[in-house]
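S.K.: Sequence first, then the predicted structure:
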Amino acid sequence: MEVRSDGFRIVGADYRQHVPEMKKQTFRQWIKGKPFISIILLVIIVGGCLFAEQLYNHDPSDFYLQNLNQVPGKEFYFGTDSLGRDIYSMIWYGGRASILIGLLSTVIITVIGITYGCVSGMCSEAIDAVMMRVAELLNSIPSLLLVLLFVSVTGEQNIVKISLVIGVTGWFGLARIVRSEVRQIRSSDYVLAARCMGSSFGHVMKKHLIPNFVSAIMFVVVSSISTSMSMESTLSFLGLGLPVDVVSWGSMLSLANKALLLNTWWVIIIPGLFLITTLICITNIGNYFRKETNKKPSNL
């Protein structure tokens, strides 16, 4: 018989206090489903781009005219292009521009999409309907056509301009997701209490709205990086992206038509391999965020 400190007595034959066993998670269970390979590859590529000065063996902006279309070898690890530039050195320096465009464009997409979606979700039914019809109308236009339209207006491109163009034309899908999340959150007690106390829209959005839907939009935000990088590569391939003298993976691929005629496969394969690997890694990481968000509470 056990006497507790509150005066009650626990009686019964063979009484034992039940202590639930905590199942320890094995390393295999912990690592299962996590995109570690994608993360490792992405860290290697990004790290190589950040420390390009320690990795390059030739000046990526120099033209080695005596080594035009040089096959990969000991001197030029990845060969040279039709202008005599070292592809190995350009890969690491060009990755900086491509990844920077992806990040800047994603920041612009996220800021515009979240702001527009929050405003639409918090407004009245009539204003919300108008704002969503505008977003749906713009989203129905192929993004490449919108990008080409803005590129033709802005003139010669640089990293900031092309990031702005891609960002301004890529926020529509994110805004619709944010709007649907805000419509579910805006009737919550804490949002109503904040509005009754006179909190500004910016305060409500920062303190109450964004923290509650940030996990739901992580997949779209992360995927926007790969989408922006691929859009930059497409524009450069069409001759409308960054100039040839600005090294990026997209501008390197802009010489692909000459490479096909000259049968210099390394000019296409190597930059394309780095670009595709980076895009796949980012997409896998985004898919992981989507799966984690969609998990049911019973599976957590």
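M.R.: All right, it came through fine.
S.K.: what's downstream of the top helix by length along the chain, the next helix or strand?
M.R.: Longest helix in the chain, counting residues (DSSP state H): helix 87-122. Heading C-terminal from helix 87-122, the first helix or strand you meet, by DSSP states H and E, is helix 125-140.
S.K.: and that following helix, how far from the chain's centre?
M.R.: Distance of helix 125-140 from its chain centroid, counting by Cα atoms, centre = their mean, to the nearest Å, is 25 Å.
S.K.: Let the chain start at 24 from now.
M.R.: Sure, I'll start numbering at 24, so the last one becomes helix 148-163.
S.K.: Now the next helix or strand after that helix: buried residues?
M.R.: Going down the chain from helix 148-163, the next helix or strand is helix 166-177, by DSSP H and E. For helix 166-177, burial by neighbour count (16 or more other Cβ atoms under 10 Å) applies to 166, 169-171, 173-174. The C-beta positions use only the backbone N, C-alpha and C, and glycine is treated the same way.
S.K.: from those, which two are the most distant?
M.R.: For the buried residues of helix 166-177, the maximum inter-member distance is 12.1 Å, found between 166 and 174 (Cβ to Cβ).
S.K.: ok, back up a step: buried set for the longest helix of the chain?
M.R.: Result for helix 110-145 [16+ other Cβ under 10 Å]: buried residues 110-125, 127-133, 135-145.
S.K.: what do you get for stretch 215-235?
M.R.: 217-218, 222, 227-228, 231-233, 235.
S.K.: Helices - which of the residues you listed land there?
M.R.: 217-218, 227, 233, 235.
S.K.: Include distance to residue 187 and pLDDT when you put those into a markdown table, please.
M.R.: Below are these laid out as a markdown table (distance: Cβ to Cβ, whole Å; pLDDT from 0 to 100):
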| residue | distance to residue 187 | pLDDT |
| --- | --- | --- |
| 217 | 33 | 84 |
| 218 | 34 | 82 |
| 227 | 28 | 85 |
| 233 | 23 | 85 |
| 235 | 29 | 84 |
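S.K.: and of those residues, the nearest to residue 65?
M.R.: Nearest to residue 65 among these, with distances taken as Cβ to Cβ, is residue 233, at 25.6 Å.
S.K.: which non-adjacent residue is nearest that closest one?
M.R.: residue 137 (6.7 Å; Cβ to Cβ, 6 or more residues apart in numbering).
S.K.: How much space separates the one you found from residue 143?
M.R.: 11 Å (Cβ to Cβ, to the nearest Å).
S.K.: where do the contact lists of the two overlap?
M.R.: residue 198 (Cβ atoms under 8 Å, 6 or more residues apart in numbering).
S.K.: looking at the protein, which helix or strand is least sure?
M.R.: The least trusted helix or strand in the chain, going by mean pLDDT, DSSP states H and E, turns out to be strand 25-26, with a mean of 49.
S.K.: Residue 78 touches residue 115, doesn't it?
M.R.: Yes. Using Cβ atoms under 8 Å, residue 78 makes contact with residue 115 at a distance of 5.4 Å.
S.K.: Pull up the overlap in contacts between these two.
M.R.: residue 71.
S.K.: Report the contact partners of residue 132.
M.R.: Residue 132 makes contact with 189-190, 193-194, 197, 244, 247, 251, according to Cβ under 8 Å, 6+ apart.
S.K.: of the residues you listed, closest to residue 313?
M.R.: residue 244 (11.0 Å).
S.K.: what's the distance between the residue nearest to residue 75 when sequence neighbours are not counted and residue 212?
M.R.: Distances taken as Cβ to Cβ, 6+ apart put residue 115 closest to residue 75, at 3.7 Å, once the chain neighbours are dropped. Residue 115 is 52 Å from residue 212, where distance means Cβ to Cβ.
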